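**Q** give me coordinates for this.
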Amino acid sequence: MTNFPMIDTIRQQVSTLLCALLLLCFSVTSCTSPRLSQPTITTIADGWANNSVNTVVFRKNSLVTHKGSQYAAWYDADRHVVLAKRKSGSDTWQIQRTEFTGNASDAHNAISIMVDGEGYLHLSWDHHNNKLNYARSLTPGSLLLSEKMPMTGQHEGVVSYPEFYRLKNGNLLFFYRDGGSGQGNLVINSFDTHTRQWTQLHSNLISGEGKRNAYWQAHIDGKGTIHVSWVWRESPDVASNHDLSYARSSDGGLTWERTTGEPYTLPITEAAAEIAQRIPQNSELINQTSMGADAEGNPFIATYWREADSDIPQYHLVYHNGDTWNTRELDFRTTPFSLSGQGTKRIPIARPQVLVKNAGDDTSILLLFRDEERGNKASALVIGKLSDPAWTIRDLTQESLGAWEPSYDTELWKEKGILNLFVQRVEQVDGEGQANVPPQPVQVVAWKLDF
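**A** Prediction:
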């Protein structure tokens with residue numbers, strides 16, 4: 001048979017060119033990817049942008065959907081809490097500026113909202129080691145709120161990181177830290193939609209024993225299991241973060257266990273905690289984690305840190321396959337940086353969010369992030385199948401978002417697999433400083449993936 005080396009060379013060049021075109025058009029790191037639709041952007045109104053308080057990663061939630069209506073919340077230029085509501089998919093928002101204000105100059109003091117199963121909107125705002133701020137709507141579906149009120153009256157004097165979660169039965173959980181950085185405990189309250197009363201499930205689910213505290217995130221999967229992962233911090237210095245730990249509950253948060261099914265004795269301490277990934281101090285491990293779970297209830301954790309043999313922090317995916325913990329380094333970054341010191345840092349990458357669909361080898365992963373290397377846009381890394389080592393990266397916005405971090409409508413994702421991402425260009429001065437920028441548009445990026 002006659003060989004045609006020139007034809008083979010041309011074929012190889014054409015194949016290489018096609019891959020290059022895909023890289024250019026879709027900003028991908030491989031030539032295999034799920035079908036990705038074009039994201040759409042809706043603007044609500046302008047909001048405070050002198051720091052990242054409207055866009056910190058631990059907002060649960062910035063957006064939330066219930067029975068065809070979507071709600072949003074943010075601080076305006078005068079630091080008032082603003083609420084908005086629309087019919088899902090509409091471009092028209094009803095906007096309500098509340099009488100409540102917050103210390104928006106501290107990026108910790110974020111706003112969190114959730115709608116319970118009866119349609120009442122719950123709001124918590126303006127916390128960094130201070131007294132609880134909480135109110136709820138006067139009627140289902142309303143943006144008009146009650147006066148500030150207590151929940152249980154217990155452990156409500158030194159509150160940080162308030163987060164709401166809705167259970168399958170429509171009741172709510174409220175997570176927050178009681179105490180300061182390096183010496184705080186995780187408190188969980190439960191809201192009953194029938195009695196419309198809060199009770200305290202745990203005053204100290206994860207104990208720092210007066211020596212450290214847990215920076216946690218939670219996720220409620222399709223079966224109703226509550227997953228919590230966290231890093232430990234030994235002091236107010238972010239460089240003292242270490243190790244990823246994990247716990248789950250299948251009874252609404254009353255009892256907790258390890259992935260083996262072995263029950264925890266509460267409170268969970270550093271010595272007793274299940275280790276998902278050992279990470280030493282001074283590894284540029286950021287506080288907070290992001291939680292998700294596959295269709296079988298296996299937990300997925302996303303965060304970033306630096307491996308011992310590298311000076312470049314990379315995003316990592318830590319997940320349990322039903323038998324063991326596994327770690328995948330997403331090593332696409334090329335720029336080193338170091339974390340140390342106190343307060344909200346000006347960091348070149350965002351803490352990520354992880355969203356999970358399907359199960360087993362067919363598990364699909366969506367990692368949302370921001371990176372200066374990509375122009376500080378809202379970006380998404382997509383793993384079409386966990387069994388495939390390839391991934392795709394797509395930018396969802398065209399302009400820089402400054403110091404933005406991702407938060408999204410968790411309930412819309414669970415119900416319909418549609419991503420609605422809260423987006424605003426914000427700036428963050430290192431420590432708790434303030435930038436001097438005009439109010440910036442608060443927007444929602446909508447994106448549907450065909451996994």
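**Q** for the stretch 51-200 of the chain, what spans make up the strands?
**A** For the stretch 51-200 of the chain, the strands defined by DSSP state E, counting those that start in this stretch occupy 63-66, 69-75, 80-87, 94-101, 112-115, 121-124, 134-136, 159-166, 172-178, 185-192, 197-202.
**Q** in the third one, what counts as buried?
**A** Neighbour-count burial for strand 80-87, with 16 or more other C-beta atoms under 10 Å as criterion, is recorded at 80-86. C-beta: built from backbone N, CA, C; applies to glycine.
**Q** any low-confidence regions in the stretch 351-451 of the chain?
**A** Scanning the stretch 351-451 of the chain for pLDDT under 70 picks out the ranges 431-433.
**Q** let's see that with 80 instead.
**A** 430-434, 450-451 (pLDDT under 80).
**Q** which regions of the stretch 151-300 of the chain sit below the pLDDT cut-off?
**A** Using pLDDT under 80, the flagged stretches of the stretch 151-300 of the chain are 180-183.
**Q** helices or strands up against the longest strand anywhere in the chain?
**A** Ranked by residue count and defined by DSSP state E, the top strand of the chain is strand 440-450. With contacts defined as 3 or more C-beta pairs under 8 Å, 6 or more residues apart in numbering; DSSP states H and E, the packing partners of strand 440-450 are strand 35-36, strand 40-47, strand 69-75, strand 418-423.
**Q** check the offset of it from the chain's centre.
**A** On the basis of C-alpha atoms, centre = their mean, to the nearest Å, strand 440-450 sits 15 Å off its chain's mean C-alpha point.
**Q** pairing partners for it, with directions?
**A** Within its sheet, and counting by DSSP bridges, strand 440-450 is paired with strand 35-36 (antiparallel), strand 40-47 (antiparallel), strand 418-423 (antiparallel).
**Q** tell me which of those strands is the most buried.
**A** strand 418-423 (a mean of 24; mean count of other C-beta atoms under 10 Å).
**Q** measure how buried residue 260 is and give me the count.
**A** By the criterion of other C-beta atoms under 10 Å, residue 260 has 7 neighbours.
**Q** the strands in the stretch 201-350 of the chain, which residues?
**A** Along the stretch 201-350 of the chain, counting by DSSP E, counting those that start in this stretch, strands occupy 213-220, 226-233, 241-249, 274-277, 290-293, 299-305, 314-320, 325-330.
**Q** may I have the fourth one as CSV, with CA atoms only?
**A** What it means is strand 274-277. The C-alpha trace of strand 274-277 is given here as CSV (Å, rounded to 0.1, in the frame of the first residue of the first chain):
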residue,chain,number,x,y,z
GLU,A,274,-14.0,12.9,59.9
ILE,A,275,-11.2,14.2,57.7
ALA,A,276,-12.1,14.4,54.0
GLN,A,277,-8.7,15.9,53.1
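**Q** follow-up on the earlier one: pipe the strands of the stretch 51-200 of the chain into a markdown table and attach distance to residue 52 per row.
**A** Shown next, in a markdown table, are the strands of the stretch 51-200 of the chain (distance: least, C-beta to C-beta, whole Å):
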| stretch | distance to residue 52 |
| --- | --- |
| strand 63-66 | 17 |
| strand 69-75 | 11 |
| strand 80-87 | 17 |
| strand 94-101 | 18 |
| strand 112-115 | 15 |
| strand 121-124 | 18 |
| strand 134-136 | 23 |
| strand 159-166 | 15 |
| strand 172-178 | 19 |
| strand 185-192 | 23 |
| strand 197-202 | 29 |
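**Q** among the ones you listed, which comes closest to residue 426?
**A** For residue 426, the closest of those is strand 69-75, at 10.4 Å, according to C-beta to C-beta.
**Q** centre of the chain to the closest one, how far?
**A** 16 Å.
**Q** do you know which of the helices and strands packed on strand 440-450 lies nearest residue 359?
**A** strand 418-423 (19.5 Å).
**Q** would you map out the domains in this structure?
**A** 1-30, 32-450 (automatic domain parsing).
**Q** what mean pLDDT does the shortest one have?
**A** For domain 1-30, mean pLDDT is 40.
**Q** likewise for stretch 97-111?
**A** Here the average pLDDT along stretch 97-111 is 96.
**Q** ends of that stretch, what's the gap?
**A** One end of stretch 97-111 to the other measures 14 Å (C-alpha to C-alpha, to the nearest Å).
**Q** give me the buried positions along that stretch.
**A** For stretch 97-111, a neighbour-count test (16+ other C-beta under 10 Å) marks 98, 100, 102-104, 106-111 as buried.
**Q** re the thing from before, residue 324: which of the strands of the stretch 51-200 of the chain is closest?
**A** strand 185-192 (26.0 Å).
**Q** what strands flank the closest one, and is each parallel or antiparallel?
**A** Short version: by DSSP bridges, strand 185-192 pairs with strand 172-178 (antiparallel), strand 197-202 (antiparallel).
**Q** report the separation between the nearest residue to residue 430 once chain neighbours are set aside and residue 84.
**A** Nearest non-adjacent residue to residue 430, counting by C-beta to C-beta, 6 or more residues apart in numbering: residue 346, 4.3 Å away. Going from residue 346 to residue 84 by C-beta to C-beta, to the nearest Å gives 28 Å.
**Q** can you check residue 250 too?
**A** 35 Å.
**Q** picking up where we left off before, and residue 379, which of the strands of the stretch 201-350 of the chain is closest to it?
**A** strand 314-320 (10.6 Å).
**Q** buried ones in the closest one?
**A** Quick answer for strand 314-320 (16+ other C-beta under 10 Å): 314-320.
**Q** residue contacts, residue 295?
**A** 222, 357-359, 363 (C-beta atoms under 8 Å, 6 or more residues apart in numbering).
**Q** rerun at 7 Å
**A** 222, 358-359 (C-beta atoms under 7 Å, 6 or more residues apart in numbering).
**Q** pick out whichever of those residues sits closest to residue 436.
**A** residue 222 (44.9 Å).
**Q** the strands of the stretch 201-350 of the chain: which one's closest to residue 284?
**A** Closest to residue 284 of those, according to C-beta to C-beta: strand 299-305, at 5.6 Å.
**Q** just how off-centre is that closest one within its chain?
**A** With C-alpha atoms, centre = their mean as the basis, strand 299-305 stands 11 Å off its chain's centre.
**Q** what are the pairing partners of that strand, and which direction each?
**A** strand 290-293 (antiparallel), strand 314-320 (antiparallel).
**Q** now the strands of the stretch 201-350 of the chain in JSON lines, with distance to residue 383?
**A** Formatted as JSON lines, the strands of the stretch 201-350 of the chain follow (distance: least, C-beta to C-beta, whole Å):
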{"stretch": "strand 213-220", "distance to residue 383": "18"}
{"stretch": "strand 226-233", "distance to residue 383": "19"}
{"stretch": "strand 241-249", "distance to residue 383": "19"}
{"stretch": "strand 274-277", "distance to residue 383": "18"}
{"stretch": "strand 290-293", "distance to residue 383": "12"}
{"stretch": "strand 299-305", "distance to residue 383": "10"}
{"stretch": "strand 314-320", "distance to residue 383": "8"}
{"stretch": "strand 325-330", "distance to residue 383": "8"}
